[in-house]
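J.: Structure for the following, please:
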Amino acid sequence: MNMSPRSKVYLDQLYAHLDKLPEDERLDAVKEIESHLAESIANGQPEAVVLARLGHPRKLAKAYRSEYMMGRSAARSFREMMALIGFYCTTGLLSVMVIPVLATIAYGFGFCSVCIALAGAIRTFGVTWIQIGFGPDMQVPTEWSLAVALPIAGLVGGIAYASWKGLHKYLSFLSSRYKATLPGSQAQA
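T.: As a prediction, the model looks like this:
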């Protein structure tokens, strides 16, 4: 394609904003947009209109990064998940509230469920400094500690799991919304 300087600048900016992706992914994204530009212009659409419809290169790069991150294996490291959450927290006010709340509940309650089960097991063996009760005058007998702690840990763990699933569904929803902004996706929808 014999590209105009304007299209060349756009593609260069897109490439620069895709700096967090592997090189082959960056090149594929730029080639896809270059092909879209060439096809649209060949079909008689003005270059300015096509570029305006694509939006700012930074936003388009964000959509590509989102698609790349969500397309990776479901088994992510903690660091990768935190990077993904950080990425989505920048997408809007609702995300700034929803994502941290769900992530805090998921990780916090998950940790607490393990601690509750562990505390019940330790107290069963006679550790007196761990207290399990339902009020000031209703202490659980030591021999019942594990039997009481496990259902509570299961309930807290269930809340953690539900929050984790909710977080995953919300992130998938955001990713699909970004994917819908990619060129050609309106035709597929």
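J.: Tell me which residues touch the residue lying farthest from the centre of the chain, please.
T.: Distance from the centre of the chain peaks at residue 137, with 44.8 Å (C-alpha atoms, centre = their mean). Residue 137 makes no contacts at all, as judged by C-beta atoms under 8 Å, 6 or more residues apart in numbering. Quick note: C-beta positions are derived from backbone N, CA and C, even for glycine.
J.: and it, that one's in a strand?
T.: No: Residue 137 sits outside any strand when classified using DSSP: H, G, I helix; E, B strand; the rest coil, being coil.
J.: Could you pull up phi and psi at the nearest residue in space to residue 26 that is not next to it in sequence?
T.: Distances taken as C-beta to C-beta, 6 or more residues apart in numbering put residue 18 closest to residue 26, at 4.3 Å, once the chain neighbours are dropped. Residue 18 adopts backbone torsions of phi -90, psi 20, taken as degrees, to the nearest 10.
J.: how far away is residue 18 from residue 152?
T.: Distance, residue 18 to residue 152, by C-beta to C-beta, to the nearest Å: 47 Å.
J.: same thing with residue 172?
T.: Taking C-beta to C-beta, one finds residue 172 at 31 Å from residue 152.
J.: Neighbour count: these two, which is higher?
T.: residue 152 (16 against 11; other C-beta atoms under 10 Å).
J.: Neighbours of the residue nearest to residue 26, how many?
T.: Neighbours of residue 18 using other C-beta under 10 Å come to 24.
J.: That one contacts residue 66, doesn't it?
T.: No: Residue 18 is beyond contact range of residue 66, at 11.7 Å (criterion: C-beta atoms under 8 Å).
J.: nearest spatial neighbour of residue 29, skipping sequence neighbours?
T.: In this structure, residue 29 finds its nearest non-sequential neighbour in residue 64, 4.7 Å apart by C-beta to C-beta, 6+ apart.
J.: So what's the gap between whichever strand or helix holds the one you found and the chain middle?
T.: Using DSSP states H and E, residue 64 sits within helix 57-71. Computed by C-alpha atoms, centre = their mean, to the nearest Å, the separation of helix 57-71 from the middle of its chain amounts to 12 Å.
J.: Using PDB, write out every CA atom in stretch 6-23.
T.: C-alpha atoms of stretch 6-23 as PDB (Å, rounded to 0.1, in the frame of the first residue of the first chain):
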ATOM      1  CA  ARG A   6      -1.100  10.800   7.900                       C
ATOM      2  CA  SER A   7      -1.700   7.000   7.900                       C
ATOM      3  CA  LYS A   8       2.000   6.300   8.400                       C
ATOM      4  CA  VAL A   9       2.000   8.500  11.500                       C
ATOM      5  CA  TYR A  10      -1.100   6.800  12.800                       C
ATOM      6  CA  LEU A  11       0.400   3.300  12.400                       C
ATOM      7  CA  ASP A  12       3.700   4.500  14.000                       C
ATOM      8  CA  GLN A  13       1.800   5.800  17.000                       C
ATOM      9  CA  LEU A  14      -0.200   2.600  17.200                       C
ATOM     10  CA  TYR A  15       3.000   0.500  17.100                       C
ATOM     11  CA  ALA A  16       4.500   2.700  19.900                       C
ATOM     12  CA  HIS A  17       1.400   2.300  22.100                       C
ATOM     13  CA  LEU A  18       1.600  -1.500  21.700                       C
ATOM     14  CA  ASP A  19       5.000  -1.600  23.500                       C
ATOM     15  CA  LYS A  20       3.800  -4.000  26.200                       C
ATOM     16  CA  LEU A  21       2.900  -6.700  23.600                       C
ATOM     17  CA  PRO A  22       5.300  -9.200  22.200                       C
ATOM     18  CA  GLU A  23       6.800  -8.000  18.900                       C
END
